[in-house]
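Engineer: Sequence and computational prediction follow.
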Amino acid sequence: MGSATEAPGKAAVRRPLSRDVRLFWCASATDALGSQASGVVLPLLLLGLGYSATTVGLVAGVSTAAGLLLAPLAAVPADRGARKPVMLWSAVVSALAMGGVAVAAAAGRPPLALLLGAVLVERFSTAVYEAAAAGTVALIAPPADSPRVVAGLSAADQGALILGPALGGALYQASRALPFVADAVSYTVAAVCVGALKSDLRPGEGAPGGAAGEPGHVVGPGALSPVDPAQSPPRRPALRVELGAGLALVRTSPFLRLVLIWTTTVNGVIVALYYGAVFTLQKGGHGGAPMGLVLALSGAAGLVGSLAAPRIAGRISATRLLVTVSWLLVPLAAALATAKGPWTYGGLFGVFCLLMPLVTVALQSRAIQETPPALQARTAAVLAGAVGGSAALAPVVAGVCASRAGTAAPAVASAAVLTLLACWTTYVRVPPRGVAV
């Protein structure tokens, strides 16, 4: 087993986070809350308007795929220095799109093309916002604060996962347009918060995170090359090269490859396990309420894990934490193969979601610190695309396993995959800081 050379650092003195960090957190939290509130009722709106379940699935699938495809394109102008205007205007466009859905829902029976168009515009704009926002942490917070900032953003997502569906459901009961009004307001708040940021969000100019992108350097696909300031400015790389720069960095960085493999595998597994739980509970005659219980318990546990992650990461080495959590996930997945009732599922998923942030916060904060500022958005788009792809594929795999081998098969297969991942993490050490980045 490769042991970590790094020792757990002493806990840093906790100082108040900057005004820009708080604004960025507010933008992310309100955005996530609004998206959860509207996302949970959009299928209900479509079904209530008489559209089939196939149509609902098509809308969800097309919008998700569109976001995954657009994110790498949006990351290029963000990394070029347009991060703040890209975030600001994408939030404004998303607010207008959701406002359009609210007006259409209140007016009667809107045509499917109008709803699909508005949802796609919102998904496009959200993908653009997320791609641009991915590099913001390194530019508004010093490296020592990265774990706290990442943990706070993760906690906001988990809190939105708990509160958003309940808020959306309550608003939908009052009026089917209200959840989309709430989402439009959340995007407006996000736009205001982004517009109020005072930090220079252009890479290399005032970034607390490092020297990459400083004058005298040109960022290429994974490397920095010195340039003589007396020479004429270098030509900007072709768009194809710029699009591939994030992928090239991930491919050449041992640490970013580890982040890619671990997060993609674990996120795909938890989605497969969730669908396995849906199949089992449905077969047992349980309705939708039990799955709401499972999601609520999982979200609450994930919130606790996100809040605890910075302190734990400051006391346990990255390698030990990664290996320990990887092995702990194996028996949890195996136990889900024998689970029957919603409380059992909720408890097991809760422990699963409690452990995951302990690793993901540490990995993401380290990835932010080690990625050059001028490649932050593109690198994050590669990692997010891989995670999104595994999450999109997991329900298909879970469905095939359940239909051919029984409802316990997704959990059995997930336990096997996690065992392989745990073996791999046991023998692959976390690279020291600065290696091949």
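Structural biologist: Received the coordinates, thanks. Residues are numbered from 1 along each chain as shown.
Engineer: hey, let's count contacts and neighbours off CA atoms from now on
Structural biologist: Fine.
Engineer: Would you map the strands across this protein?
Structural biologist: Along the chain, the segments classed as strands by DSSP state E run 217-219, 224-226.
Engineer: pLDDT of the first one, averaged?
Structural biologist: So the one you mean is strand 217-219. Strand 217-219 carries an average pLDDT of 34.
Engineer: again, but for stretch 186-202
Structural biologist: For stretch 186-202, mean pLDDT rounds to 90.
Engineer: From one end of it to the other, what's the distance?
Structural biologist: One end of stretch 186-202 to the other measures 25 Å (CA to CA, to the nearest Å).
Engineer: Make 17 the first number, not 1, from now on.
Structural biologist: Okay, residue one is now 17; in that scheme the one you just asked about reads as stretch 202-218.
Engineer: Buried ones in it, by neighbour count?
Structural biologist: 202-210, 213, 215-218 (16 or more other CA atoms under 10 Å).
Engineer: Same question for stretch 52-72.
Structural biologist: Neighbour count says stretch 52-72 has Q52, A53, S54, G55, V56, V57, L58, P59, L60, L61, L62, V72 buried, by 16+ other CA under 10 Å.
Engineer: Keeping just the C-alphas, turn that stretch into PDB.
Structural biologist: Extracted in PDB, the C-alpha atoms of stretch 52-72 (Å, rounded to 0.1, in the frame of the first residue of the first chain):
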ATOM      1  CA  GLN A  52     -34.600  22.100  -6.700                       C
ATOM      2  CA  ALA A  53     -38.000  23.800  -6.200                       C
ATOM      3  CA  SER A  54     -38.800  24.000  -9.900                       C
ATOM      4  CA  GLY A  55     -37.100  20.800 -11.000                       C
ATOM      5  CA  VAL A  56     -39.200  18.600  -8.700                       C
ATOM      6  CA  VAL A  57     -42.500  20.000 -10.100                       C
ATOM      7  CA  LEU A  58     -41.700  20.300 -13.800                       C
ATOM      8  CA  PRO A  59     -42.600  16.600 -14.400                       C
ATOM      9  CA  LEU A  60     -45.800  17.200 -12.500                       C
ATOM     10  CA  LEU A  61     -46.600  20.200 -14.600                       C
ATOM     11  CA  LEU A  62     -46.100  18.300 -17.800                       C
ATOM     12  CA  LEU A  63     -48.100  15.300 -16.600                       C
ATOM     13  CA  GLY A  64     -50.800  17.600 -15.400                       C
ATOM     14  CA  LEU A  65     -51.000  19.200 -18.900                       C
ATOM     15  CA  GLY A  66     -51.700  15.700 -20.300                       C
ATOM     16  CA  TYR A  67     -48.200  14.900 -21.700                       C
ATOM     17  CA  SER A  68     -47.000  11.300 -21.400                       C
ATOM     18  CA  ALA A  69     -44.300   9.900 -19.200                       C
ATOM     19  CA  THR A  70     -42.200   9.400 -22.300                       C
ATOM     20  CA  THR A  71     -42.400  13.100 -23.100                       C
ATOM     21  CA  VAL A  72     -41.400  14.000 -19.600                       C
END
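Engineer: Any idea how far it is from the middle of the chain?
Structural biologist: 23 Å (CA atoms, centre = their mean, to the nearest Å).
Engineer: go on, stretch 433-443?
Structural biologist: Taking CA atoms, centre = their mean, one finds the center of stretch 433-443 at 23 Å from the center of the full chain.
Engineer: Give me the contacts around that stretch.
Structural biologist: For stretch 433-443, the external contacting residues (CA atoms under 8 Å, 6 or more residues apart in numbering) are M17, G18, W278, T281, V282, V285, L338, V339, S342, W343, L345, V346.
Engineer: what pLDDT, on average, does that stretch get?
Structural biologist: pLDDT averaged over stretch 433-443 gives 93.
Engineer: again, but for stretch 45-60
Structural biologist: 85.
Engineer: for this structure, what helix or strand is lowest in average pLDDT?
Structural biologist: Each helix and strand of the chain was given a mean pLDDT (mean pLDDT, DSSP states H and E); the minimum falls on strand 233-235 at a mean of 34.
Engineer: low pLDDT regions in the stretch 217-366 of the chain?
Structural biologist: For the stretch 217-366 of the chain, the stretches flagged by pLDDT under 70 are 219-256, 298, 300-309.
Engineer: which residue ranges form the helices in it?
Structural biologist: Along the stretch 217-366 of the chain, counting by DSSP state H, counting those that start in this stretch, helices occupy 255-268, 270-299, 304-329, 334-352, 358-386.
Engineer: in terms of contact, does P159 touch Q385 like I think?
Structural biologist: Yes: with contact defined as CA atoms under 8 Å, P159 and Q385 form a contacting pair (5.9 Å).
Engineer: Tell me if I'm right that Y145 and M103 touch.
Structural biologist: Yes: Y145 is within contact range of M103, at 4.8 Å (criterion: CA under 8 Å).
Engineer: which residue ends up closest to the midpoint of the protein in space?
Structural biologist: A400 (6.4 Å; CA atoms, centre = their mean).
Engineer: Check the gap between that one and E146 for me.
Structural biologist: A400 is 10 Å from E146, by CA to CA.
Engineer: cool, R96 as well?
Structural biologist: Using CA to CA, R96 is found at 16 Å from E146.
Engineer: Compare neighbour counts for those two and give me the winner.
Structural biologist: Each of R96 and E146 has its neighbours counted (other CA atoms under 10 Å); E146 has more, 23 against 15.
Engineer: In contact with the more buried one: list those residues for me.
Structural biologist: Neighbouring residues of E146 by CA under 8 Å, 6+ apart: A87, M103.
Engineer: what sits against D95?
Structural biologist: With CA under 8 Å, 6+ apart, D95 has these contacts: A148, G151, R218, P219, P389, A390, L391, Q392, A393, R394.
Engineer: Also V208?
Structural biologist: Taking CA under 8 Å, 6+ apart as the criterion, V208 is in contact with L104.
Engineer: Distance of it relative to L39?
Structural biologist: 9 Å.
Engineer: how much space between G318 and R331?
Structural biologist: Counting by CA to CA, the separation of G318 from R331 is 20 Å.
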